[in-house]
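A.B. asks: Show me the folded form of this:
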Amino acid sequence: MNPDKLFNYLDGKLSPTEREELEDQLIRDPELQRQFGMARKIHERMSGDVREVILDEPPGAARGRQIMRRVTIVFLALIFINTIVGVAVIGLLESKRHQARTATEQNRKDVAIALQKAAANALPTPSLDVDEIKISVPPKQQDAMVEKVSAAAQKAGGSAAKNLSSENGTLVFAEIPTKRVNQFRDALAQLGAVLPAAPSPAPGSGNAILQIRITQRSE
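C.D. replies: The predicted structure follows:
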């Protein structure tokens, strides 16, 4: 809002239409209300100064009041610009903070996804070939069977890790010393596993990877 228009309103120099428009804006705009309050205080002071001036005021007094009024208008304009700049800076800083928080959250998600992929890649690729060992269990007992398979793998000197779960069941990969694979297979048979034909023993003292699929038994 042009400060000069506020002074014209206070001086009664606005047309009825302009006066109504300004009053409507004052009702809706808190910032304009603040500017109007400052303008009214300045106007009252200026009006008081004018009342104190005698009729035969010295030359140049009117020009001095005009200069003072212009300076006041510039002052109000600077306050208005200052307010707008301040609001813009606060909005910009808040936007940067929001972007930084979003970037941090995204980085955390990316790291979590990368770790999950790395863990999955560290295990053998699941396959559905004839060498897969299958175990059927009652509903909601798949996790318990995973623990039993892991315990059997440890007894055979190896380890087991759960890989994937889907509608086809839960996959478990066991890494067992080659010389103790048969011991592990016997333990799985006691757990109710359907064992494929035993593979030919591999030479050497390395480890063998066995794939066990635990499925839900229909009742």
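A.B. asks: quick one, domains of the protein?
C.D. replies: Annotated domains of the chain cover 3-119, 133-216 [automatic domain parsing].
A.B. asks: tell me which element the residue nearest the centre of the chain is part of?
C.D. replies: Nearest to the mean C-alpha position of the chain, counting by CA atoms, centre = their mean, stands Thr102 at 4.2 Å. Thr102 belongs to helix 61-122 when elements are defined using DSSP states H and E.
A.B. asks: Which elements pack onto the helix or strand that that helix is followed by?
C.D. replies: Counting by DSSP H and E, the next helix or strand C-terminal to helix 61-122 is strand 133-137. Judged by 3 or more CB pairs under 8 Å, 6 or more residues apart in numbering; DSSP states H and E, strand 133-137 is in contact with helix 142-155, helix 181-190, strand 207-216. For every residue, glycine as well, the C-beta is placed using N, CA and C.
A.B. asks: Please identify the most buried of these.
C.D. replies: Neighbour counts (mean count of other CB atoms under 10 Å) averaged over each of those peak at strand 207-216, with a mean of 19.
A.B. asks: contact partners of that one?
C.D. replies: The contact list for strand 207-216, computed with CB atoms under 8 Å, 6 or more residues apart in numbering, reads 124, 126-127, 131-139, 142, 145-146, 149, 158, 160, 168-178, 181, 184-185, 188, 193, 202.
A.B. asks: re earlier: so can I have TSV of the helices and strands packed on strand 133-137 showing distance to Ala39 and mean pLDDT?
C.D. replies: TSV is the format used below for the helices and strands packed on strand 133-137 (distance: least, CB to CB, whole Å; pLDDT from 0 to 100):
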stretch	distance to Ala39	mean pLDDT
helix 142-155	75	92
helix 181-190	90	92
strand 207-216	79	89
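A.B. asks: Reformat these as JSON lines; add distance to Leu93.
C.D. replies: Formatted as JSON lines, those follow (distance: least, CB to CB, whole Å):
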{"stretch": "helix 142-155", "distance to Leu93": "49"}
{"stretch": "helix 181-190", "distance to Leu93": "62"}
{"stretch": "strand 207-216", "distance to Leu93": "54"}
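A.B. asks: of all the ones you listed, which lies closest to Asp4?
C.D. replies: helix 142-155 (79.0 Å; CB to CB).
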